[in-house]
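Chemist: With the input below, show me the fold.
(2 chains)
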Amino acid sequence: AQKITQTQPGMFVQEKEAVTLDCTYDTSDPSYGLFWYKQPSSGEMIFLIYQGSYDQQNATEGRYSLNFQKARKSANLVISASQLGDSAMYFCAMREYQRPGNQFYFGTGTSLTVIP
Amino acid sequence: KAGVTQTPRYLIKTRGQQVTLSCSPISGHRSVSWYQQTPGQGLQFLFEYFSETQRNKGNFPGRFSGRQFSNSRSEMNVSTLELGDSALYLCASSLANSTVGTNEKLFFGSGTQLSVL
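Modeler: Numbering: from 1, shown residues only, chains lettered A, B, ... in the order given. Reported below is the predicted structural model:
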């Protein structure tokens, strides 16, 4: 089974609107972290937001928030007030802390296009 | 603080050749990991090095190898190149603290775009 699933290959959003990028994960490890990264056309991956499995509240970082639903194993990224510069690929990732080696697992990404 | 530096930015090779990619992590970061990115496949984990030791390895053939030096700089080598090795190769570094939290996040370089003809 895929560790991270992103079911939206491409998304469009109007400038200044909010958009939700979906991410579901699969783990039996009680201790894990969920990450979102942005990859502009330049190629460099930029860290956006982190959610720990024991965190009680949803993470927020400026215009980014993470809608963490632990029972459903989903960690959707919400971008509010979209800007043209938000057009990029977005990757959801997970790290399992109790598994030996605890590598990062990445989804296949969602391409977001912000329309003026 | 300088970011993660990968060289070269672009490479064109032919089948059967070998290639070496270089990665300099952020100062103070002891963990370096490598990823292969192809369209539609996301990032596939290659391996991770920590203090010159390979700590974890993904599901790639033995043609893919790496090493880490005492200054934490890392190299990745691919021998006997195949057309399917064409990809963006990303290097990432982290503090790799044992505690759970944002310290574990990865900092990425801009990648090396490898084209195999």
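Chemist: Please count neighbours and contacts with C-alpha atoms only from this point.
Modeler: Fine.
Chemist: Flag the shaky bits of the chain, pLDDT-wise.
Modeler: All of this is about chain A. Chain A contains residues with pLDDT under 70 at A:100-101.
Chemist: nope, chain B please
Modeler: Checking chain B against pLDDT under 70 turns up B:1, B:97-103.
Chemist: 80 instead, please
Modeler: Scanning chain B for pLDDT under 80 picks out B:1-2, B:40-41, B:96-104.
Chemist: give the contact list for the residue most central in space within it.
Modeler: Closest to where the C-alpha atoms of chain B average out (C-alpha atoms, centre = their mean) is residue B:34, at 2.6 Å. Residues in contact with residue B:34, defined by C-alpha atoms under 8 Å, 6 or more residues apart in numbering or on different chains, are B:45-48, B:76, B:89-92.
Chemist: ok, now residue A:11?
Modeler: Going by C-alpha under 8 Å, 6+ apart, residue A:11 touches A:110-113.
Chemist: With adjacent residues omitted, what lies nearest to residue 88?
Modeler: Answering for chain A, as no chain was given. Nearest non-adjacent residue to residue A:88, counting by C-alpha to C-alpha, 6 or more residues apart in numbering or on different chains: residue A:40, 4.5 Å away.
Chemist: other chain: chain B
Modeler: Nearest residue to residue B:88, sequence neighbours excluded (C-alpha to C-alpha, 6+ apart): residue B:113, at 4.4 Å.
Chemist: Who are the packing partners of whichever strand or helix holds that neighbour?
Modeler: Counting by DSSP states H and E, the element that carries residue B:113 is strand B:112-116. Applying 3 or more C-alpha pairs under 8 Å, 6 or more residues apart in numbering or on different chains; DSSP states H and E, one finds that strand B:112-116 contacts strand B:10-13, strand B:87-94.
Chemist: Out of these, flag the one nearest residue A:28.
Modeler: Within the helices and strands packed on strand B:112-116, the stretch nearest residue A:28 is strand B:87-94; the backing value is 24.5 Å (C-alpha to C-alpha).
Chemist: Direction included, what does that closest one pair against?
Modeler: In the sheet, strand B:87-94 lines up against strand B:31-38 (antiparallel), strand B:107-108 (antiparallel), strand B:112-116 (antiparallel) (DSSP bridges).
Chemist: Which among the ones you listed is found nearest to residue A:63?
Modeler: Ranking those by proximity to residue A:63 (C-alpha to C-alpha) places strand B:107-108 first, at 20.5 Å.
Chemist: starting at the chain centroid, how far to that closest one?
Modeler: Using C-alpha atoms, centre = their mean, to the nearest Å, the mean C-alpha position of strand B:107-108 is found 11 Å from that of the whole chain.
Chemist: Equivalent analysis for stretch B:43-62, please.
Modeler: 8 Å.
Chemist: The closest residue to the residue nearest to the centre of chain B other than its chain neighbours and residue B:56, how far apart?
Modeler: Once flanking residues are discounted, residue B:34 sits nearest to residue B:91: 4.6 Å by C-alpha to C-alpha, 6+ apart. When distance is defined by C-alpha to C-alpha, to the nearest Å, residue B:91 is 14 Å away from residue B:56.
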